[in-house]
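Student: Return a 3D structure for these sequence lines:
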Amino acid sequence: MKTYMWLAGLLLVGSVKQLYAAGYAIYEASAKGNAMAGALLGGADDASNAHFNPAAMTEVPGLAVMSGATLIAPTARVRVQGQPYDLDPQYFVLPHAYATYGLNDWLWSGFSLHVPYGTGTDYPSSMPTLAKLYSTATYMESMEAMPSLAFKVTEDFSVAAGARAIWTKTTIRHQIYSPLQLPYPFPVEHQTEAIGYGYVVSGLYHITDDLDAGLVYRSRVREDSSGTSSGWPNHSYGMDALVTLPDSWEGGLNYKLTKAWEIGCSAIYTGWSSYSDLILEIPGMPPNSASPTGNEINSRKDWKDVWRLGLGTSYALSASWTVMGGYTYDWSPIPESRADFMMPPGNRHLLGTGLAYTLAPFTLTVGYNFLLMESSQSEAMHSTLGTVYFDHCYAHMASVSLGANF
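Tutor: Residues are numbered from 1 along each chain as shown. Now for the predicted structure:
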């Protein structure tokens with residue numbers, strides 16, 4: 001089987017209740033990271049280094065642990081054939097857990113568990129029938145487990161490597177209309193599940209006593225996905241797809257202006273351009289089945305490589321209290337000429353703030369982010385629905401992390 005299907009193709013706008021991130025990537029990995037726009041690649045003073053930059057684990061002696069979650073409440077409006085559909089918010093909980101341990105003066109181990117990709121969508125029943133041919137609902141769950149080792153080469157330079165194992169489960173629902181055999185639309189559901197493997201390598205360099213630089217590369221992860229296509233008249237079929245998750249380059253700087261005040265910046269470049277087509281193969285389906293497309297469902301995507309830029313800061317008010325803030329600009333990889341109900345193509349702005357309280361050895365951090373997606377439109381469905389518009393797309397995010405350094 002030769003099928004190139006990115007999970008992005010499985011992320012539809014559904015009620016349009018969705019996690020708004022560039023493509024389908026999820027960056028909400030800790031309360032501090034959310035509040036500071038992910039500007040932690042130069043190193044954090046907690047266990048979240050196991051995710052943001054494993055090489056920075058060498059900055060935290062002994063044992064460090066952290067766990068928490070981010071609650072996301074998105075909402076949106078879609079305009080189809082001139083009719084606006086205001087959509088109710090939906091809630092998603094994204095957990096995270098990290099641990100790092102200094103084995104000796106030059107070797108550290110770490111473990112990261114978080115949600116790297118995902119969405120949940122469900123169209124309202126009032127949507128036009130022609131729109132339901134593109135999608136009625138999509139759900140995707142994922143979890144990444146990443147063990148890693150960091151090595152302190154010199155006092156100023158550390159490197160790390162880790163293995164990525166990503167589990168995904170996806171469900172797509174839409175309607176099929178075959179006027180020759182079934183003169184009415186009927187619902188079908190495609191469900192796939194897979195585990196894929198990749199790697200991460202990273203580095204940390206102390207440019208000066210106050211300026212740190214971090215660089216992280218996360219590899220592509222290919223998943224041989226399989227599942228079931230059900231809802232066809234009197235039959236269900238096995239389904240296959242090859243899922244490729246994108247690679248990314250991440251770089252950042254962190255600078256201590258004073259003992260209490262730190263600023264940081266981050267840049268992520270993601271290789272979405274490999275997502276050129278969405279192809280679902282149903283090899284067991286007979287050529288003369290009810291499907292108007294035979295045993296393959298295919299749509300053109302042509303996504304592009306894009307940047308995500310973040311700027312964050314933290315200020316220690318005292319030995320116990322620290323405040324944080326940040327801003328992120330997230331380019332959309334989706335051209336309007338190819339955008340459809342699978343995901344709106346608007347760029348995104350995120351504002352974040354947070355507060356941390358430390359009572360040694362514990363630190364409790366809470367954060368809030370507001371995400372605003374720019375209004376956008378899709379021309380990919382113009383022949384059947386005209387121009388489709390997306391606006392009033394925003395999300396509220398609340399996060400909490402509890403960490404301890406022993």
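Student: quick one, what contacts Ala150?
Tutor: With contacts taken as C-beta atoms under 8 Å, 6 or more residues apart in numbering, Ala150 has the following neighbours: 54-58, 107-110, 158-160. No exception for glycine: its C-beta is placed from N, CA and C like everyone else's.
Student: Okay, and which of the residues you listed map to helices?
Tutor: Taking DSSP state H, every one of the contacts of Ala150 sits outside helices.
Student: now, which of the residues you listed sits nearest Ser67?
Tutor: Closest to Ser67 out of the contacts of Ala150 is Gly110 (14.2 Å), distances taken as C-beta to C-beta.
Student: The contacts of Ala150, buried ones only, as a ChimeraX selection?
Tutor: Buried residues among the contacts of Ala150 (16 or more other C-beta atoms under 10 Å), as a ChimeraX selection:
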select :54,55,56,57,58,108,109,110,158,159,160
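Student: So which of the contacts of Ala150 sit within strands?
Tutor: Judged by DSSP state E, strands contain the following of the contacts of Ala150: 107-110, 158-160.
Student: Mean pLDDT per helix and strand in the protein: which one sits at the bottom?
Tutor: strand 296-300 (a mean of 69; mean pLDDT, DSSP states H and E).
Student: list the buried ones in stretch 381-392?
Tutor: Quick answer for stretch 381-392 (16+ other C-beta under 10 Å): 381, 385, 388-392.
Student: and the end-to-end length of that stretch?
Tutor: 21 Å (C-alpha to C-alpha, to the nearest Å).
Student: That stretch: how far from the chain's middle?
Tutor: 25 Å (C-alpha atoms, centre = their mean, to the nearest Å).
Student: Quick one: residues in contact with that stretch.
Tutor: 13, 16, 75-82, 86, 128, 130-131, 133-134, 340-341, 344-346, 373, 375-379.
Student: what do you get if the cut-off is 7 Å, keeping everything else the same?
Tutor: Residues external to stretch 381-392 that are found in contact with it (C-beta atoms under 7 Å, 6 or more residues apart in numbering): 76-81, 130-131, 134, 340, 344, 346, 375-379.
Student: now, which of these lie within strands?
Tutor: Filtering the contacts of stretch 381-392 for strands - DSSP E - leaves 76-80, 376-378.
Student: any idea how far the residue lying closest to Met285 once chain neighbours are set aside is from Leu311?
Tutor: Of all residues not flanking Met285 in the chain, Asn295 sits nearest, at 4.0 Å (C-beta to C-beta, 6 or more residues apart in numbering). From Asn295 over to Leu311 the distance is 49 Å, taken as C-beta to C-beta, to the nearest Å.
Student: just Ala76 next, same as before
Tutor: 26 Å.
Student: taking the mean pLDDT, what do you get for stretch 350-361?
Tutor: For stretch 350-361, mean pLDDT is 96.
Student: cool, stretch 131-141 as well?
Tutor: 77.
Student: Can you get me the start-to-end distance on that stretch?
Tutor: With C-alpha to C-alpha, one end of stretch 131-141 sits 24 Å from the other.
Student: got the buried residues for that stretch?
Tutor: Result for stretch 131-141 [16+ other C-beta under 10 Å]: buried residues 131-140.
Student: same thing with stretch 71-85?
Tutor: 72, 74-76, 78-80, 85.
Student: In which helix or strand does Asn34 reside?
Tutor: helix 31-35 (DSSP states H and E).
Student: Packing partners of whatever helix or strand comes next after that helix?
Tutor: Next along the chain after helix 31-35, taking DSSP H and E as the criterion, comes helix 49-52. Packing contacts for helix 49-52, counted by 3 or more C-beta pairs under 7 Å, 6 or more residues apart in numbering; DSSP states H and E, involve strand 92-102, strand 107-114.
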